[in-house]
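Engineer: Sharing a sequence plus its predicted fold:
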Amino acid sequence: MVMQSTAAGLPQNSGGKGAKRSFSVAFEPWLYLSPGLVLLLLVLVVPLIFGVSYSFRKFSAFKSEYVGLAQYQALLHDQVLGQALMNTLWWTVASLVLQFFLGLGLALLLDRDFAGKKFVQAIVFLPWAVPSFLSGLTWAWLFNPIVGPLPHWLFALGLKAEPTNILSDPATAMWGPIIANVWFGVPFFAITLLAALKSIPGELHEAAAIDGANPWQRFTKVTLPFLAPTIAITVMLRTIWIATFADLIYVMTEGGPAGSTNTVATYIYVSAFKTLDKGYASAVAVLLLALLILYAIVLIRIRRSLVRYS
């Protein structure tokens, strides 16, 4: 009887120790992650909560009052916001398309061996290290016909009737920040796509070449399927960054002339820090956040399908 009770007690003690051990194993990773999680909570979640709460209030010089959904109702009748949304779409799509294809071309070029490759890599990746404020200031000078050469080059090529600043013309002003943004953002696609190209097994290209595939067929049938998941996530990230990129445009044009370069991001900045309407600026920011979240959900689902079938 004693032996039976002792034997019966052993599984219970070992089971208790096993439960404690499994709990500690499950809890230990969260303990290591806790500093980072607390930092994310303080840096991201708390400001987000405050920003959303501001959108339900009306701010004046010395006080604020709760106005409910009044700020969101004002969005429906804001013609400036409507123009800013269209400008944001044009600014984002044009910058993204040019950055992606130029970055893909540079990645394919840098994936090959040639003389001076290290030097070309350094030149290609250099714009990504330049502060955006300095990039905007430099390109604004380049487009200035008094101190910059670009207007005179465009005039010499017959692209302009006279060497004027394209940033002063509402019809062409958006092209200035787009060109500056393309120069600034191409290295991001070049770096990420080059890393993805390096991960493609060389045997696949060799096998495709043995089967008689030409370079275009090897690119479309071998390279692109492997790049597709990386392309989806980089396009999603870069779209979000471009849509919320205000400093480059504001340094170059301040949203002008006549609102032709005013995007949602610059509109939020002006509303919050120039007109001091923090409540309305927060409502516009929440609208932009909702649109970008919907966009991200669609891209993530596309990426999962690409990963599943690649």
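Structural biologist: Received it, and whenever you're ready, just let me know what you need.

Engineer: helices and strands around whichever helix or strand residue 225 is part of, which ones?
Structural biologist: Under the criterion of DSSP states H and E, residue 225 resides in helix 224-243. Applying 3 or more Cβ pairs under 8 Å, 6 or more residues apart in numbering; DSSP states H and E, one finds that helix 224-243 contacts helix 79-110, helix 175-198, helix 278-309. Backbone N, C-alpha and C define where each C-beta goes, glycine included.

Engineer: Assign residue 171 to helix, strand or coil.
Structural biologist: Secondary structure, DSSP: H, G, I helix; E, B strand; the rest coil: residue 171 is coil.

Engineer: Before we move on, what's the pLDDT of it?
Structural biologist: Per-residue confidence (pLDDT) for residue 171: 90.

Engineer: From residue 84, how far off is it?
Structural biologist: As for residue 171, its distance to residue 84 is 18 Å (criterion: Cβ to Cβ, to the nearest Å).

Engineer: Then residue 104?
Structural biologist: 30 Å.

Engineer: Comparing these two, which residue is more hemmed in?
Structural biologist: In terms of neighbours (other Cβ atoms under 10 Å), residue 84 is the more surrounded of residue 104 and residue 84; the figures are 25 against 20.

Engineer: Which residue is the nearest non-sequential neighbour of the more buried one?
Structural biologist: residue 267 (4.5 Å; Cβ to Cβ, 6 or more residues apart in numbering).

Engineer: hang on, that neighbour is in a strand, isn't it?
Structural biologist: No - secondary structure of residue 267 (three-state DSSP): helix, not part of a strand.

Engineer: Pull the contacting residues for it.
Structural biologist: Taking Cβ atoms under 8 Å, 6 or more residues apart in numbering, we find residue 267 in contact with 80-81, 84, 255, 284.

Engineer: Quick check on those: which are buried?
Structural biologist: For the contacts of residue 267, a burial check counting by 16 or more other Cβ atoms under 10 Å picks out 81, 84, 255, 284.

Engineer: Return the item of these having minimum pLDDT.
Structural biologist: residue 255 (90).

Engineer: where does it land in three-state SS?
Structural biologist: coil.

Engineer: Poorly predicted segments of this structure, please.
Structural biologist: By pLDDT under 70, the weakly predicted segments of the chain are 1-20, 23, 306-310.

Engineer: Got the domain ranges for it?
Structural biologist: For the chain, the domain assignment from the TED database gives the residue ranges 25-69, 72-308.

Engineer: Of those, which stretch is the most buried?
Structural biologist: Highest mean neighbour count among those (mean count of other Cβ atoms under 10 Å): domain 72-308, with a mean of 17.

Engineer: Against residue 277, how distant is the closest residue to residue 198 other than its chain neighbours?
Structural biologist: Distances taken as Cβ to Cβ, 6+ apart place residue 111 nearest to residue 198, at 7.2 Å, with adjacent residues excluded. Going from residue 111 to residue 277 by Cβ to Cβ gives 50 Å.

Engineer: Same check on residue 257?
Structural biologist: Distance from residue 257 to residue 277, counting by Cβ to Cβ: 23 Å.

Engineer: what's next to the strand or helix carrying residue 73, contact-wise?
Structural biologist: Element membership for residue 73, per DSSP H and E: helix 70-75. Outside helix 70-75, the residues that touch it by Cβ under 8 Å, 6+ apart are 55-56, 58, 81, 279-280, 282-284, 287.

Engineer: Show me which of those residues is closest to residue 250.
Structural biologist: residue 284 (15.3 Å; Cβ to Cβ).

Engineer: Spit out the contact partners of that closest one.
Structural biologist: Each residue near residue 284 by Cβ under 8 Å, 6+ apart is listed here: 75, 81, 264, 267-268, 271.

Engineer: can you redo the residues you listed as CSV with distance to residue 167?
Structural biologist: Conversion of these to CSV gives the following (distance: Cβ to Cβ, whole Å):
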residue, distance to residue 167
75, 29
81, 23
264, 20
267, 18
268, 21
271, 22
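
Engineer: Excluding covalently adjacent residues, which one is nearest to residue 302?
Structural biologist: Leaving aside its chain neighbours, residue 302 sits nearest to residue 232 (5.6 Å; criterion: Cβ to Cβ, 6+ apart).

Engineer: what kind of secondary structure is residue 162 in?
Structural biologist: Three-state assignment for residue 162 (three-state DSSP): coil.

Engineer: now the closest residue in space to it that isn't next to it in sequence, what's its secondary structure?
Structural biologist: Using Cβ to Cβ, 6+ apart and skipping the chain neighbours, the partner closest in space to residue 162 is residue 155 (6.2 Å). At residue 155, secondary structure determined by three-state DSSP is helix.

Engineer: check contacts around residue 155.
Structural biologist: By Cβ under 8 Å, 6+ apart, the residues touching residue 155 are 161-163.
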